[in-house]
Structures are given as structure tokens and as C-alpha cells.
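Participant: Sequence first, predicted coordinates after that:
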Protein chains: 2
Amino acid sequence: MTDTAAVARAFVSTLEARDWEAWEALLTPEVVYELPQSRERIRGRAAYRIFNETYPGDWHLRPKVVIGDDERAVVWFAWRLDDDAGDAQVFFEFDVEGLITLVTDFWPEPYDPPERPAGLVERW
Amino acid sequence: MTDTAAVARAFVSTLEARDWEAWEALLTPEVVYELPQSRERIRGRAAYRIFNETYPGDWHLRPKVVIGDDERAVVWFAWRLDDDAGDAQVFFEFDVEGLITLVTDFWPEPYDPPERPAGLVERW
């Protein structure tokens, strides 16, 4: 049984290291990468590698929470890009051999809270 | 060992049903709810219940992906609020008895994609 959490951690660490060969080895050739917020999809490991290799800026990724079961995994990670920073999430699906078949990213942005009932909420 | 994924599913289904008693039974009295995007925090089950009971609009939640391990779980869910809709994620931590101690929500918004390398990306 695949340790999907370990593969998910390796996905992030090989990206952070720009170790493209090790990163590719985690993916099926037909892997699909989806960004639901912008409704973007990239098909295939080769195109996905080019997308990452050419991504502009000095970006860095650090896992904060990793959860995996037999079929899926998620990494909640901190990102930095030049002077910007935030948290994001990446979900994975796997084939029977433990290779990644589907990657889905979410990139939440900061927002100002709406009015809330008095006395319930603290800010940090 | 707690089936954290089952508790996470129950968290969403009891919210969707507005079954506040069943929902509260999943949480420790000292549960903390955090919204990192707006840097908001609610302390305690009683305050968290009021927050949810008084949340404006006709909101609905439907789980899409649930992943749990021995200590944590995540639900990627579809939400509807009046005429608006989207996907969001909620992460959970648990105590040794399987009660939820920490809930963290992320609410990603749609965005227009930046310019990408030619020929890599399709839209949907």
C-alpha cells in the first residue's frame, strides 16, 4: 500500500529543491494538473514540468500539514514568492502503483472579514 | 482509533442538516475555529455554534473529497450561498477521544489566470 502522505511530501520537497527528475518520478506520464480557481488544466508530465520550471519569481514551499489515506493526499503548505507569502493547499490522487495521477491546487487570498455577531471573533 | 474521515463527514452533514446538537457532540468544549485568510479566531463550542447558527443566507455544503489519518482530516467541499457557489476546504485536528479540537477553513476565490507559457494550459 502506497504511503500517499510520503509521496505528497516528496512532491513538495522535490519542487522546493528544483529536483525535476525526482519530481517527475512521482507522476504518471498522463498526470493532470488543475487550478479550479482560474479554471486552468495542464495535461501530461512534460507540460507540467515546463510550467513549473518556467514559473516566474523566487518561489519557496514549506509543508505545514500533510494527510494521506489509501487513495488521496493533501498538503497544506506555506509559500513565498519574492516578497509575498501565504498558505495554499494541494490535493493528490494516485494510481495503484502510487504514482500521482491528478494534482489540484487552491490558492486562498487574504480578505477583510464581513461584520460578525458582536463578541464572538478575535483577530490576529 | 478514531475514524477521523467519518467525523469530518459528520461535521459537514450535521451542519448541512442544521442539527446543532449532533454537530456540537463532535467538538470539544474548548474547540478553536480559525479563518487564516481574515485572521479570525473563535474560541469555544458555544461561540462557534452561535457563529454558525446566525450565519446569514441560505448556505449549503456538499463534501467532494474527504481524507483522514490518525490525527487529522480534511474536507474539500462545494458550497452554495444564495446565488453564489464555489469550493472550499476545512482541516480538522482531534483529541485522543476523537473529538475535534481545531477547525481551520480556507475559502479560495476565482481569479483570472496570469499569462502562461504558450500551449501549456487549457481552460474550462
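Facilitator: Right, received. Where do you want to start?
Participant: Settle this for me: residue A:38 is touching residue B:112, isn't it.
Facilitator: Yes - using C-beta atoms under 8 Å, residue A:38 makes contact with residue B:112 at a distance of 6.7 Å. In this view, the C-beta of every residue, glycine as well, is placed from N, C-alpha and C.
Participant: Who has more neighbours out of those two?
Facilitator: residue A:38 (18 against 7; other C-beta atoms under 10 Å in any protein chain shown).
Participant: pretty sure residue A:99 is touching residue A:28, no?
Facilitator: Yes - if you go by C-beta under 8 Å, residue A:99 and residue A:28 touch, sitting 4.6 Å apart.
Participant: which residues are contacting whichever strand or helix holds residue A:42?
Facilitator: Assessed by DSSP states H and E, residue A:42 sits inside strand A:40-43. Contact with strand A:40-43 is made by A:30, A:32-35, A:48, A:51, B:113, B:116, B:120-124, as judged by C-beta atoms under 8 Å, 6 or more residues apart in numbering or on different chains.
Participant: For the helix or strand containing residue A:75, give the mean pLDDT please.
Facilitator: Take DSSP H and E as the rule and residue A:75 turns out to sit in strand A:72-81. Averaging pLDDT along strand A:72-81 gives 98.
Participant: following it, which helix or strand comes up?
Facilitator: strand A:84-94.
Participant: buried sites along that following strand?
Facilitator: By 16 or more other C-beta atoms under 10 Å in any protein chain shown, the buried positions in strand A:84-94 come out as A:87-94.
Participant: Also stretch A:13-31?
Facilitator: Judged by neighbour count using 16+ other C-beta under 10 Å, the buried positions of stretch A:13-31 are A:14-15, A:23, A:26-27, A:31.
Participant: would you turn those residues into CSV with pLDDT and secondary structure?
Facilitator: Shown next, in CSV, are the buried residues of stretch A:13-31 (pLDDT from 0 to 100; DSSP: H, G, I helix; E, B strand; the rest coil):
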residue, pLDDT, secondary structure
A:14, 98, helix
A:15, 98, helix
A:23, 98, helix
A:26, 98, coil
A:27, 98, strand
A:31, 98, strand
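Participant: show me where pLDDT drops low in chain A?
Facilitator: By pLDDT under 70, chain A contains no weakly predicted segment.
Participant: Nearest the geometric middle of chain A, what residue?
Facilitator: Taking C-alpha atoms, centre = their mean, the centroid of chain A lies closest to residue A:90, which sits 3.1 Å from it.
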